[in-house]
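generate coordinates for the sequence data below:
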Amino acid sequence: MGKRKNNFTTMARRIVEFIYQGKALPLQEDGMACISPVACGDGRECRIGRSPIRPRADVGGIVHGEYRLIFQSGSAAVIAGRYGVLTRGERVGAPKEWFNISIVLDLSMERLQIAHLHISPGEVGRVYRLRGRDERSYQVPESEILYLEASHNHVLWHCDGIQIETAGSFRDAEVSLSEEFVRIHRSFIVNRRHIRRIDRCYVEVTSGEILQIPVKKYCEVKRRLQREA
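Take a look at the predicted model:
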């Protein structure tokens with residue numbers, strides 16, 4: 001099951017790449033249906049023969065977010081994910097345009113076929129490219145980072161479902177972050193999107209973890225977390 005899941009998500013990435021290259025999609029069904037405001041203008045369903053998106057000269061690359069196998073039966077599978085479109089000259093890892101995509105695969109034929117695509121504008125946000133101490137490379141959307149923690153000469157990135165340890169100073173990590181992140185302690189930087197509660201001298205993040213705020217800095221930190229002037 002795990003191997004097939006990986007095959008499905010790899011296929012999803014290939015489909016997105018083909019879309020922006022203007023190529024005929026791999027495994028496309030005859031008369032495949034597509035819902036995409038980019039293709040149809042008003043988000044209505046349309047039938048396409050090649051790519052649902054016209055090739056754009058300004059596209060400099062694609063940044064892939066997470067793709068998940070949402071549903072699988074004997075006759076169909078559904079994959080959902082998100083991707084960002086980089087324009088030429090745009091800094092790698094920080095696309096301004098994000099899209100959500102859902103792909104329905106028909107498993108009833110002798111080979112997999114794409115039965116349906118649904119593309120919609122996605123949440124704006126950055127993707128951080130991290131090099132872990134395990135020598136693996138990670139691409140983590142900003143929306144999935146809960147908080148950062150200083151650990152000697154390393155940084156622990158606490159993310160949704162995973163913890164990544166990178167080499168380098170906490171200060172260097174801090175300056176690379178967007179304004180969504182606030183340093184609440186010498187050892188903690190929190191993503192405002194993941195704050196569940198702010199109380200006297202601590203915050204609770206969406207994972208349920210409690211992070212301390214120094215007493216002397218509580219008022220200042222609270223103001224920044226709540227975006228007050």
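
now do the buried residues in stretch 185-194.
By 16 or more other CB atoms under 10 Å, the buried positions in stretch 185-194 come out as 185, 188-191, 193-194. (C-beta placed from N, C-alpha, C; glycine too.)

where's the dip in pLDDT among those residues?
For those, the weakest pLDDT value sits at residue 193, with 82.

so it touches residue 144, yeah?
No: counting by CB atoms under 8 Å, residue 193 stays clear of residue 144, with 9.6 Å between them.

show me the contacts for the nearest residue to residue 148 once chain neighbours are set aside.
Of all residues not flanking residue 148 in the chain, residue 189 sits nearest, at 4.3 Å (CB to CB, 6 or more residues apart in numbering). Residues in contact with residue 189 (CB atoms under 8 Å, 6 or more residues apart in numbering) are 147-148, 170, 173-174, 177, 181-183.

now the element after the strand or helix carrying residue 189, going C-ward?
Counting by DSSP states H and E, the element that carries residue 189 is strand 188-191. Scanning forward in sequence from strand 188-191 by DSSP H and E, the next helix or strand is strand 195-199.

which element follows that next one toward the C-terminus?
From strand 195-199, the next helix or strand downstream (DSSP H and E) is strand 202-205.

parallel or antiparallel, which strands does that following strand pair with?
Take DSSP bridges as the rule and strand 202-205 pairs in its sheet with strand 195-199 (antiparallel), strand 210-212 (antiparallel).

residue 62 is nearest to which of these?
Residue 62 lies closest to strand 195-199 among the strands paired with strand 202-205, at 30.9 Å (CB to CB).
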